[in-house]
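Engineer: Give me the fold of what follows.
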Amino acid sequence: MNITVYLGANEGNDPCLRKAVEELGAWIGNSGN
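Structural biologist: Predicted coordinates for the structure are as follows:
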């Protein structure tokens, strides 16, 4: 499976976004991609 994630360089002001990105990265890594 190919997965592409587009992100900006600035984290922004919403801590929920950082948490979501960390969870997405963990899911991608743990799923073998």
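
Engineer: how about A9, what does it touch?
Structural biologist: Residues counted as contacts of A9 (CB atoms under 8 Å, 6 or more residues apart in numbering): none. Every C-beta, even on glycine, is put in place using the N, C-alpha and C of the backbone.

Engineer: That one and L24, how far apart?
Structural biologist: Distance of A9 to L24, given as CB to CB, to the nearest Å: 17 Å.

Engineer: Which element, helix or strand, includes C16?
Structural biologist: helix 15-30 (DSSP states H and E).

Engineer: Quick check, central residue of the chain?
Structural biologist: V21 (2.8 Å; CA atoms, centre = their mean).

Engineer: Am I right that it is in contact with G8?
Structural biologist: No: taking contacts as CB atoms under 8 Å, V21 lies outside contact range of G8: 10.5 Å.

Engineer: picking that back up, ok, residues contacting the helix holding C16?
Structural biologist: I3, V5, L7, E11.

Engineer: Would you tell me which one of these comes nearest to G32?
Structural biologist: I3 (10.9 Å; CB to CB).

Engineer: how many other residues sit next to that closest one?
Structural biologist: When neighbours are defined as other CB atoms under 10 Å, I3 has 9 of them.

Engineer: Also the one 5 residues further on?
Structural biologist: Applying the criterion other CB under 10 Å, we find 7 residues in the vicinity of G8.
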